[in-house]
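>>> let's see this in three dimensions:
(one chain, ligands or ions: 1)
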Amino acid sequence: MFYLELKNATVQYNGTPVLNDLSLQIAEGEKIALVGQSGAGKSTLLNLLYQQSEDDAALVPQDLGLVRSLSVFHNVYMGRLNKHPTWYNIVNLIKPLKKEVDQILPILGQLGLEEKVFEPARELSGGQQQRTAVARAIFKDSSTFFGDEPVSAVDEHQSHTVMEAIAISHRTVVLSMHDVELALKYSSRVIGLKEGELALDEPADRLKAADLDDLYKS
Ligand code: ADP
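Numbering: from 1, shown residues only. Have a look, this model is predicted:
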């Protein structure tokens, strides 16, 4: 019994196939990196897998889905919005509750965002916004994490910290990645797409960065 399974999945946009007859099985506990050229279909596949996941998986979408006028604290709190009654959420919106701040601060600390806790998301850099979206996902406390290039704007040093935080906080992880070295280091299995087809599917420890070169040749 697989946790996520696609059978002959085909996705088309305006008659153009984006994913072509793709079959894939993912077991609980796997750490998957989806790699391939821009336009290969990674986001489409990630979203398809996310829709398949039965539990309440955490998602960092490409556009992050932050509320720009709200603080980092409030954006992260949204990860658990549906775990509380509306009155509680409204009270916490008006005046952050100490109990919630105390739970969110350590996650922000882990991601180097502690000092930004009450800054509005719109005032953050691109990398800080990505880290806020990752913090929201970690706060959600679900066992599965989906991320669409979640560290693409984070600087190199911090990208390792963020990838590690994602990996240790979730049992199953599916990420689309543009950085091949990071993908190999933090995943257990690498799935390569080329023009909407499965072009590579290997355990990460059997791969070197050069083994992925073919995916990026047109
Ligand atoms: P990747 O994540 O690998 O860059 P995507 O899954 O985003 O690839 O896109 C695969 C292809 O599908 C691209 O050619 C892209 O232009 C097209 N595509 C993606 N989303 C849409 C959409 N909503 N409408 C039309 N075409 C789309």
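
>>> do I have it right that Leu24 meets Leu193?
No. Using CB atoms under 8 Å, Leu24 makes no contact with Leu193, being 10.4 Å away. Where you see a C-beta, it was placed from the backbone N, CA and C, and this is true even at glycine.

>>> quick one: which of those two has more around it?
Leu193 (26 against 18; other CB atoms under 10 Å).

>>> what mean pLDDT does the host helix or strand of that one get?
Following DSSP states H and E, one finds Leu193 within strand 189-194. For strand 189-194, mean pLDDT rounds to 96.

>>> show me what contacts the residue nearest the centre of the chain?
Taking CA atoms, centre = their mean, the centroid of the chain lies closest to Gly147, which sits 1.5 Å from it. For Gly147, the contact set (CB atoms under 8 Å, 6 or more residues apart in numbering) comprises Leu46, Leu59, Val60, Val134, Ala137, Ile166, Val173, Val174, Leu175, Ser176.

>>> mind listing the residues bridging to Pro17?
Bridge pairing for Pro17 (DSSP bridges) gives the partners Gln12.

>>> just checking, what packs against the helix or strand where Val134 lies?
If you go by DSSP H and E, Val134 is part of helix 126-140. Under the contact criterion of 3 or more CB pairs under 8 Å, 6 or more residues apart in numbering; DSSP states H and E, helix 126-140 touches strand 58-60, helix 72-77, helix 98-110, strand 144-148, helix 156-169.

>>> tell me the mean pLDDT for the last one?
Helix 156-169 shows a mean pLDDT of 95.

>>> ok, and what's touching that helix?
For helix 156-169, the surrounding residues in contact (CB under 8 Å, 6+ apart) are 31, 110-112, 127, 130-131, 134, 137-138, 145, 147, 150-151, 154, 173, 175, 179, 182, 185-186.

>>> hang on, the earlier thing: now the helix holding Val134 and helix 98-110, what's the angle there?
130 degrees (axes from the mean of the first three to the mean of the last three CA atoms, to 10 degrees).

>>> from the contacts of helix 156-169, which would you call buried?
Taking 16 or more other CB atoms under 10 Å as the criterion, what is buried in the contacts of helix 156-169 is 31, 110-112, 127, 130-131, 134, 137-138, 145, 147, 150-151, 154, 173, 175, 179, 182, 186.
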